[in-house]
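Asker: All I have is the shape, not the residue letters:
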């Protein structure tokens, strides 16, 4: 479980996050949603240590990440897997080398063992036999899947996903969402997904945190989201005619 | 203000020299960088060195109008200017363009495509992993390139001098071998090591703190070359003042 307490973050005069507290449960997909500029990616970056919150704490199963030094954080970082918006695969490495990279850095496994793990991860994301391709040779969806394979290579306890569906067609988006949900349930990870894709919200949003102008505005699940009277959330969720039509039918 | 970037540069260097996570991975990266920086720059260094020596010979001969000055002086001047100034400094400026821009754009691209964030999330000291092998690769190979450059520059001078009739083979070789002060070679190597450090660390700094997208990566690359060149010339003066 991950808990955030009173997270505040400013960039110069811009107060991006204002006192956000929440708990993210393990074994379910925890979604952080909100409009552009609402602070959701900044919150994610504060949680993984890419930004330091001005005030507040990020607690990983009783371990206060925000108070730790660089060296002490390494242990928690090795329990974190992250899928980036643009996949962030290392351009100079093949698919196999990308997935093997954290294993090379932090384990003493033999090459055979590491290769087995790489092949297992690739199989898990349905990309077997693509070991020797470079990121430039992959489609957007394949890159995301390799990114997921790299994220799960070290058997993470915590999985962070930033905009998993950006730049993908609706069908591939669903495949990626379902894959993340399957992995979350299979490995009982605490999965936190930042998205503004309503298909994801309705499909895998078992726990949802809605941010508006840097503040926590609403918390609930995809089953509750259609029945809320929160005006800002309704404006966000039912902005498209398609979603509005869906709501009218409910 | 100069103090803010200077402070950031020093803090970056502190992170660069933190203990590596796994030496054997860093070792592989160091060899890769040595190949890229050293072997990859051999061609351009060879070409400029031959021409530097040739031009120095021709221009020195042009200025030697007095019959009282022996022609062997041309050899001495080519040797000393190659060792002390032309090979280390001009090579460093050329390498700032070739290696510096490549380092800045490579690291800058990794920054804007979140590859550096990915390293950090994994718990890897990204400045160490990305920059330390480049610094070690440059500091070990650039002095070797300068030694090759000195040899080729003197050879270029010899060829141009004898081919143009500005000096005879015997005079030139007498000039090259007489009154050699070995300390000039030490100064040359000191310059090469310091210039190598400047090129890689300044360029890596520019790349590492790139924000934005492709346009900013290009700007970082340009800034890396310009600042490296200015730093090289400034340091060149300081070393000359202190050591000679």
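Answerer: That came through fine. Just so it is clear, the structure is predicted and the values come from calculations on it, not from any experiment. Residues are numbered from 1 along each chain as shown, chains lettered A, B, ... in the order given.
Asker: So which residue is smack in the middle of the chain?
Answerer: Going with chain A. Nearest to the mean C-alpha position of chain A, by C-alpha atoms, centre = their mean, lies residue A:161 at 1.6 Å.
Asker: that's the wrong chain, I wanted chain B
Answerer: residue B:92 (2.7 Å).
Asker: What helix or strand is it located in?
Answerer: Assigned by DSSP states H and E, residue B:92 belongs to helix B:91-95.
Asker: cool, and residue A:223?
Answerer: helix A:222-225.
Asker: For that helix, buried residues please.
Answerer: For helix A:222-225, a neighbour-count test (16 or more other C-beta atoms under 10 Å in any protein chain shown) marks A:222, A:225 as buried. Any C-beta I mention is one placed from the backbone N, CA and C, and that applies to glycine too.
Asker: With stretch A:145-165 instead?
Answerer: Using 16+ other C-beta under 10 Å as the test for burial, stretch A:145-165 gives A:145-154, A:156-165.
Asker: and if you look at stretch B:16-36?
Answerer: So, applying 16+ other C-beta under 10 Å, buried residues of stretch B:16-36: B:16, B:20, B:21, B:25, B:26, B:29, B:30, B:33, B:34, B:36.
Asker: on that earlier part again, run through who's touching the helix holding residue A:223.
Answerer: By C-beta atoms under 8 Å, 6 or more residues apart in numbering or on different chains, the surrounding residues in contact with helix A:222-225 are A:201, A:202, A:203, A:204, A:205, A:206, A:208, A:233, A:237.
Asker: Can I have the buried ones of those residues as a PyMOL selection?
Answerer: Here is the PyMOL command that picks out the buried ones among the contacts of helix A:222-225, judged by 16+ other C-beta under 10 Å:
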select buried, chain A and resi 201+204+205+206+208+233+237
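Asker: Including distance to residue A:194, could the contacts of helix A:222-225 go into TSV?
Answerer: Formatted as TSV, those follow (distance: C-beta to C-beta, whole Å):
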residue	distance to residue A:194
A:201	12
A:202	16
A:203	15
A:204	13
A:205	12
A:206	15
A:208	11
A:233	16
A:237	16
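Asker: which other residues reach the longest helix seen in chain A?
Answerer: Longest helix in chain A by number of residues, with DSSP state H as the criterion: helix A:170-187. For helix A:170-187, the surrounding residues in contact (C-beta under 8 Å, 6+ apart) are A:27-29, A:83, A:124-125, A:140-141, A:144-145, A:148, A:152, A:155-156, A:159, A:161, A:164-165, A:168, A:189, A:191, A:193, A:197, A:199-200, A:203-204.
Asker: again with stretch A:23-31
Answerer: Contacts to stretch A:23-31, defined as C-beta under 8 Å, 6+ apart, come from residues A:1-4, A:157, A:180-181, A:184-185, A:188-195, A:200-201, A:204-209.
Asker: For residue 65, the count of nearby residues, please.
Answerer: Looking at chain A here, since you left the chain open. 20 (other C-beta atoms under 10 Å in any protein chain shown).
Asker: try again with chain B
Answerer: When neighbours are counted by other C-beta under 10 Å, residue B:65 comes out with 7.
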